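K.L.:
Predicted model and sequence follow; I will ask about them next.
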Amino acid sequence: MEPHEAVDAIAADLRDHQITGDRHGLFTASRDIELLCALAGRLAGDAEYLHNHDSAGGPATPSAENLSRTAAHVGRAIAHYAQALAPLVSLAQPRSQAMLQKQLDAIDLHSRLRVHLDDAGRALAEARVCLRPRRSTTPAANATVPVPTPTARRRS
């Protein structure tokens with residue numbers, strides 16, 4: 001699987017398994033962190049291999065630098081998921097407070113959870129941008145194709 005396919009697959013998996021504010025969401029977040037850690041490890045390993053073997057690959061292969069940047073963005077996503085654990089743990093615990101206070105606390109916890117999950121999603125989107133195919137540096141590949149200009153109509 002190519003790096004961009006791996007990032008896309010994990011991003012799709014994260015979208016398909018929404019995190020809820022209960023014990024199931026806590027399990028899902030832990031699972032997501034595990035997937036993201038495996039992805040970051042793979043990206044870092046691929047970057048190290050490309051760097052040490054001076055293997056540039058083809059134009060569609062990401063460079064070691066781009067793989068490293070991608071791993072850094074995935075690391076940011078991991079950090080946001082880890083920060084989301086605190087509100088998730090609080091939401092998953094049964095509360096003995098008055099009903100109104102419980103609801104007010106839950107609003108704040110859900111808000112904090114959403115912020116971290118949204119930030120993690122943005123970090124993954126930035127990771128995907130780093131893996132866009134490189135453009136060729138040959139002059140022929142970068143040459144512009146002349147665009148035909150419309151000719152003026154003759155009046156009859």
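P.N.:
That came through, no problem.
K.L.:
so where is the protein shaky, pLDDT-wise?
P.N.:
For the chain, the stretches with pLDDT under 70 are 54-61, 95-98, 133-156.
K.L.:
Spatially nearest residue to residue 9 (excluding sequence neighbours)?
P.N.:
Nearest non-adjacent residue to residue 9, counting by CB to CB, 6 or more residues apart in numbering: residue 1, 7.2 Å away. C-beta: built from backbone N, CA, C; applies to glycine.
K.L.:
residues in contact with the most centrally placed residue in the chain?
P.N.:
When CA atoms, centre = their mean is applied to the chain, the residue found nearest the centroid is residue 124 (1.1 Å). With contact set as CB atoms under 8 Å, 6 or more residues apart in numbering, residue 124 has these partners: 7, 10-11, 14, 73-74, 77.
K.L.:
now, which of those residues sits nearest residue 88?
P.N.:
Taking CB to CB as the measure, residue 88 lies nearest residue 14 of those, at 14.6 Å.
K.L.:
Tell me how far the closest one lies from residue 47.
P.N.:
As for residue 14, its distance to residue 47 is 22 Å (criterion: CB to CB, to the nearest Å).
K.L.:
Could you list the buried residues of stretch 68-82?
P.N.:
For stretch 68-82, a neighbour-count test (16 or more other CB atoms under 10 Å) marks 68-81 as buried.
K.L.:
Pull the residues that contact that stretch.
P.N.:
Contact partners of stretch 68-82, identified using CB under 8 Å, 6+ apart, comprise 3, 7, 29, 32-33, 36-37, 39-40, 43-44, 47, 62, 116-117, 119-121, 123-124, 126-128, 130-131.
K.L.:
Only whichever of the residues you listed are buried, select them in PyMOL.
P.N.:
Buried residues among these (16+ other CB under 10 Å), as a PyMOL selection:
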select buried, resi 3+7+29+32+33+36+39+40+43+44+47+62+116+117+119+120+123+124+126+127+130+131
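K.L.:
Now go through the contacts of stretch 68-82 and say which are in helices.
P.N.:
Members of these lying in helices (criterion: DSSP state H): 3, 7, 29, 32-33, 36-37, 39-40, 43-44, 47, 116-117, 119-121, 123-124, 126-128, 130.
K.L.:
What segments of this protein are strands?
P.N.:
Using DSSP state E, the chain contains no strands.
K.L.:
is it true that residue 127 touches residue 7?
P.N.:
Yes: with contact defined as CB atoms under 8 Å, residue 127 counts as touching residue 7 (5.5 Å).
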